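*Asks:* fold the following, please.
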Amino acid sequence: MQIHSYVSTKLTKTLEDQLKNLRCHFTWNLQLEGYDIFKKETLSDQTEFPHTYNKYLMCNWKAYMEYVQGDYTEAMARLREAEELCLSNSNQSPAKLLVIYGNYAWLYYTLKEHETAQLYVENVESIYQELKQSTDPKLFNCPEIDGEQGWTLLLYSVHYYEQAKECFEKALKSAPEDPDWNTGYAITIYRLELFPDGKYPDHHSLDLLKRATELNPKDTGAKTLLGLKLQALNKEGEGLKYIAEALEQTPGHPSCLRYAAKFYRKAGMIDEALYLLTKALGLLPKSAFLHHQIGLCHRAKILAINEFIQKAIYYLELALEYEKSFKHVYVALANIYQEKNEIQKAEELFQTLLGFQSLTRSEKQSYLFEYGKFAFFGKKSEAEAINHYKEALMIPGSFKEGWKCENELKKRAERKLRYNPEDSLALGLLGLTQNPSQSISPGNVLGQDTEQYILAYHTMGSIP
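*Replies:* Take a look at the predicted model:
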């Protein structure tokens, strides 16, 4: 009995080592903490209508998500669906089965069916040997795995966009004409350009999105994003052509509807945007994104018709109910409460938002800037607004909102100095804005030749 136990343990250990060497969802170090993506009600919003047309890839991804949520039966069913899609197409490379079989091996291992898990590990090795003997060296590079990992990271979380970019770049080196990898890469760069840190130029994704639509004219996901990018670059007329074309191709596609609606909202076509969003909401009734966009549409009508205020609040609060970590909603809702003069509610929303541990430095700076505006216009407190702008500038790194904070501090300092040229507080504030090309931090507040401001800065402290 003891000998059997020893042999079993040894085999299990060997299997564990083999599993760790597989390239699949289970070995891509996807962190589970801090993401609301695992809620059942938001899973369909993330996966039912993907941009990619390789459906096996999405089935594989959903299998892993079902596994994470503990539904092993559904996970197994999704893997079978992915496998059938691959096997039904004789023209596809066997490399597309590598991630599927890797996931199978891990899932069976989790179910303690170690012999079956071992069989799938051997299947993976067999495919590798087959690819190794191929006359096409690109096949052995397995761009399918890199591309699938890229899509997985892109769909999984904003925190993985940089890694997704690297995966798509690697896949495209071996398969530069692949429509799915081009689409994934273009979307990743598009989203990275939306980050407030200014690391990526605002226009780089334009050519990538155009290439993606050329390689796959049926890809309405890339077309709608192309329309939005053109709009952002002040080419709204050209962008509208892509939006209209996408809606004509897939009029019932929720992803297409929601991005087209976003385009219309930004173009001031609020009623058209609401029509599309309502249509999409019928397909995805618990989508936080859609409720957020509907709330923003009604907020846009507030300036003209006050009755839309309550509708805006209703949909924005509903968006938070479905997804507590939807950060942009907090600012939008707080601004509405400020306009209604419900200052305490707005204050609570900002406090909650700034209390999130997952905020990046650029996000925190952006939200502190918004908090400063609220303090000045909503709470009528210039002193509190200045404190928020100062706190934003103390965040290491150079981000877009930092310039806005500097401008606000400079305006207030110059106004004070008009009345009192020796105002120490104003001099200290000017000191903070002397060198906008460098990040503001406790160790890098002033330039070398601004000693007159140093004392003022250290004596100003927190404004009472």
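
*Asks:* how near is the residue nearest to the spatial centre of the chain to T360?
*Replies:* A centroid search over the chain (Cα atoms, centre = their mean) returns V158, at 3.4 Å, as the residue closest to the centre. Separation of V158 from T360 (Cβ to Cβ, to the nearest Å) stands at 9 Å. C-beta coordinates here come from the backbone N, C-alpha and C atoms, glycine included.

*Asks:* before we move on, the earlier item: surely the residue nearest to the centre of the chain meets R191?
*Replies:* Yes: checked against Cβ atoms under 8 Å, the pair V158 and R191 is within contact range at 7.5 Å.

*Asks:* how many neighbours does the residue lying closest to A260 once chain neighbours are set aside have?
*Replies:* Among residues not flanking A260 along the chain, I243 sits closest, at 5.0 Å (Cβ to Cβ, 6 or more residues apart in numbering). Using other Cβ atoms under 10 Å, the number of residues around I243 comes to 27.

*Asks:* I243 and G227 touch, don't they?
*Replies:* Yes: with contact defined as Cβ under 8 Å, I243 and G227 form a contacting pair (4.1 Å).

*Asks:* and the helices in the stretch 251-400 of the chain, which stretches?
*Replies:* Assigned by DSSP state H, counting those that start in this stretch, the stretch 251-400 of the chain shows helices spanning 254-266, 270-281, 288-302, 308-322, 327-339, 343-354, 361-373, 382-393, 400-419.

*Asks:* burial count for N306?
*Replies:* 11.

*Asks:* look up how far V331 lies from it.
*Replies:* N306 is 21 Å from V331, by Cβ to Cβ.

*Asks:* ok, L296 next?
*Replies:* When L296 is compared with V331 (using Cβ to Cβ), they lie 11 Å apart.

*Asks:* the two: who's more crowded?
*Replies:* The neighbour count for L296 versus V331, taken as other Cβ under 10 Å, is higher for L296 (23 against 19).

*Asks:* tell me who's in contact with the more buried one.
*Replies:* With contact taken as Cβ atoms under 8 Å, 6 or more residues apart in numbering, L296 is in contact with R265, A312, A332.

*Asks:* helix or strand: which one has the nearest residue to A222 once chain neighbours are set aside?
*Replies:* Spatially, and ignoring its direct neighbours in sequence, A222 is nearest to A212 (4.2 Å; Cβ to Cβ, 6+ apart). Using DSSP states H and E, A212 sits within helix 204-215.

*Asks:* show me what counts as buried in that helix.
*Replies:* S205, L206, L208, L209, K210, R211, A212, T213, L215 (16 or more other Cβ atoms under 10 Å).

*Asks:* generate TSV for these, with distance to H291 as supplementary columns.
*Replies:* Output for these, formatted as TSV (distance: Cβ to Cβ, whole Å):
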residue	distance to H291
S205	27
L206	30
L208	30
L209	27
K210	31
R211	33
A212	29
T213	29
L215	34
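
*Asks:* if we can go back for a sec, what about the residue nearest to A260, helix or strand, and which?
*Replies:* Here I243 sits within helix 236-249, counting by DSSP H and E.

*Asks:* how close does the residue nearest to Y322 when sequence neighbours are not counted get to Q69?
*Replies:* Sequence neighbours aside, A288 is the residue nearest to Y322 in space, at 4.6 Å (criterion: Cβ to Cβ, 6+ apart). For A288, the distance to Q69 equals 18 Å [Cβ to Cβ].

*Asks:* these two: which is more packed in?
*Replies:* A count of neighbours by other Cβ under 10 Å puts A288 above the other of A288 and Q69, at 23 against 14.

*Asks:* can you tell me how far that one sits from Q351?
*Replies:* From A288 to Q351 the distance is 21 Å (Cβ to Cβ).

*Asks:* same thing with L57?
*Replies:* 41 Å.

*Asks:* likewise for S174?
*Replies:* 49 Å.

*Asks:* pick out whichever of the two has more residues nearby.
*Replies:* S174 (19 against 12).

*Asks:* from N21, how far off is that one?
*Replies:* Counting by Cβ to Cβ, the gap from S174 to N21 is 21 Å.

*Asks:* of the buried residues of helix 204-215, closest to Q129?
*Replies:* Lowest distance from Q129 to those (Cβ to Cβ) belongs to L215, with 31.4 Å.

*Asks:* and the residue lying closest to that closest one once chain neighbours are set aside, how many neighbours?
*Replies:* Nearest non-adjacent residue to L215, counting by Cβ to Cβ, 6+ apart: P179, 4.4 Å away. P179 has 21 neighbours, counted by other Cβ under 10 Å.

*Asks:* could you list the low-pLDDT ranges of the protein?
*Replies:* Along the chain, segments meeting pLDDT under 70 span 1-13, 33-53, 135-141, 303-304, 398, 434-464.

*Asks:* against E339, how distant is W181?
*Replies:* Taken as Cβ to Cβ, the span from W181 to E339 is 45 Å.

*Asks:* okay, these two: which has more neighbours?
*Replies:* Ranked by neighbour count (other Cβ under 10 Å), W181 and E339 place W181 first, with 30 against 17.
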